[in-house]
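Visitor: The sequence isn't on hand, but the structure is:
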Ligand code: SF4
């Protein structure tokens, strides 16, 4: 069967291997482009949030290239994410696509449903094959997250512009060709070696920014204009609050977000859906860790991020940390984002200077 799935950062490299190991043919989702967004916007309800539109466009592009099955994740809680799967499927069927649509819901909440759908995907494969596919995919996801994170640490200090980006592309190829547990382990070692070999200015103490917000726009560079790379090129160390492997772990069988929710509690104790509470909690944590600023990425009309934005003003004042909110929709352009980032970076530089001068 020809199978496709959403494009989210570097994760397609891991999901491609998973699909192949389960005996299917992957139809690789294209990196979202203007065409993807305009396709999705054309067929989506006007007020749907931007991740919905990009995903719809991604599915349409994959269906045009012969995909027969779409595998995606569902969602729970008070936000629209839980309806994405149903609505996407309905739109695609109305457009005449006879596609098998599998929405994997969080297994800790809907265990039987999750297992039933997993059986649909694995189709008669032995337990050991399924285990190998899932566990090596997981291992690859973790390596990809680690290498991405490392690249964001190195880029602001690189001496030769674009070298980190070039080496990172090589790393993706190395990780992509790893198939066994051992090869994936070796790929991590090799990629780390290449990234750490990049010549950097070790004396530089770059501005530190935390990226918070809705998962899709935080993880997908095409949806956020590659903001982490853009900041890195400006000499700023941008760390994001969400990585796909961690998020999957925390939202399936393990609870890893309690400390973030606890940090948010004085400001927001209710569940507002999406990543609203985590955006507030992470801002508190970033301020405690001495970050120079926080950037919130929010899809236009995303209720959880609108709620958190209304609270972040108070958090910023109380904890003395600047917060920049960037709402993203189909009208947002790279030049506008870059201008706002440059102004924010200037602001953080002057705050640092003032603090330094106050110390002497
Ligand atoms: S979190 Fe926001 S962007 Fe994501 S589905 Fe919910 S409302 Fe839409």
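Guide: Noted; the coordinates are in hand. Quantities reported herein were computed from a predicted structural model and do not represent experimental measurements. Numbers count the residues shown, from 1 in each chain.
Visitor: ok, the residue sitting nearest the centre point of the chain - contacts?
Guide: By Cα atoms, centre = their mean, the chain has its centre lying nearest to residue 219, at 1.7 Å. For residue 219, the contacting residues are 8, 9, 11, 240, 242, 243, 244, by Cβ atoms under 8 Å, 6 or more residues apart in numbering. Where you see a C-beta, it was placed from the backbone N, CA and C, and this is true even at glycine.
Visitor: So the last one is in contact with residue 9, correct?
Guide: Yes: with contacts defined as Cβ atoms under 8 Å, residue 244 counts as touching residue 9 at a distance of 6.7 Å.
Visitor: Residue 35 contacts residue 57, doesn't it?
Guide: Yes: at 7.3 Å, residue 35 counts as touching residue 57 under the criterion of Cβ under 8 Å.
Visitor: Same drill for the two, tell me which one is more crowded.
Guide: Neighbour count, other Cβ atoms under 10 Å: between residue 35 and residue 57, residue 57 has more, with 24 against 12.
Visitor: Check which helices and strands the helix or strand where that one lies sits against.
Guide: Using DSSP states H and E, residue 57 falls within helix 50-64. If you count contacts as 3 or more Cβ pairs under 8 Å, 6 or more residues apart in numbering; DSSP states H and E, helix 50-64 packs onto strand 2-4, helix 34-43, strand 69-73, helix 81-94, helix 215-219.
Visitor: ok, and what's touching the third one?
Guide: Residues outside strand 69-73 that contact it (Cβ under 8 Å, 6+ apart): 1-6, 24, 55, 59, 62, 84-85, 88, 92, 99-105, 121.
Visitor: Now the buried members of these.
Guide: Among those, those scoring as buried are 3-6, 24, 55, 59, 62, 84-85, 88, 92, 99, 101-105, 121 (criterion: 16 or more other Cβ atoms under 10 Å).
Visitor: I'd say residue 30 and residue 7 touch.
Guide: Yes: under the criterion of Cβ under 8 Å, residue 30 makes contact with residue 7 at 6.9 Å.
Visitor: what residues are shared contacts of the two?
Guide: residue 58.
Visitor: So these two - more neighbours on which side?
Guide: Neighbours were counted for residue 30 and for residue 7 using other Cβ under 10 Å; residue 7 has more, 26 against 17.
Visitor: And the longest helix seen in the chain, what's buried?
Guide: In terms of residue count, the longest helix belonging to the chain (DSSP state H) is helix 127-154. For helix 127-154, a neighbour-count test (16+ other Cβ under 10 Å) marks 130, 132-133, 136-145, 147-148, 150-154 as buried.
Visitor: tell me what it is packed against?
Guide: Contacts defined by 3+ Cβ pairs under 8 Å, 6+ apart place helix 127-154 against helix 12-21, helix 111-122, helix 163-177, helix 181-196, helix 227-233, strand 236-240, helix 244-250.
Visitor: Off-centre distance for that helix?
Guide: 14 Å (Cα atoms, centre = their mean, to the nearest Å).
Visitor: What angle do helix 111-122 and that helix make with each other?
Guide: 100 degrees (axes from the mean of the first three to the mean of the last three Cα atoms, to 10 degrees).
Visitor: Next secondary structure after the lowest-mean-pLDDT helix or strand in the chain?
Guide: Here the helix or strand of the chain ranked lowest by mean pLDDT, DSSP states H and E is helix 244-250, holding a mean of 78. Following helix 244-250 in sequence order, the next helix or strand is helix 258-264 (DSSP H and E).
Visitor: Which positions within that following helix qualify as buried?
Guide: Going by 16+ other Cβ under 10 Å, helix 258-264 has these buried residues: 260, 261, 263, 264.
Visitor: List the buried residues for the one helix or strand residue 339 maps to?
Guide: Element membership for residue 339 (DSSP H and E) is helix 334-359. Buried residues in helix 334-359, defined by neighbour count with 16+ other Cβ under 10 Å: 337, 341, 344, 345, 348, 351.
Visitor: Write out the residues of the protein neighbouring the ligand.
Guide: Selection of the chain residues close to the ligand by Cβ under 6 Å from any ligand atom yields 49, 51, 79-81, 214, 273-274, 299, 302-305.
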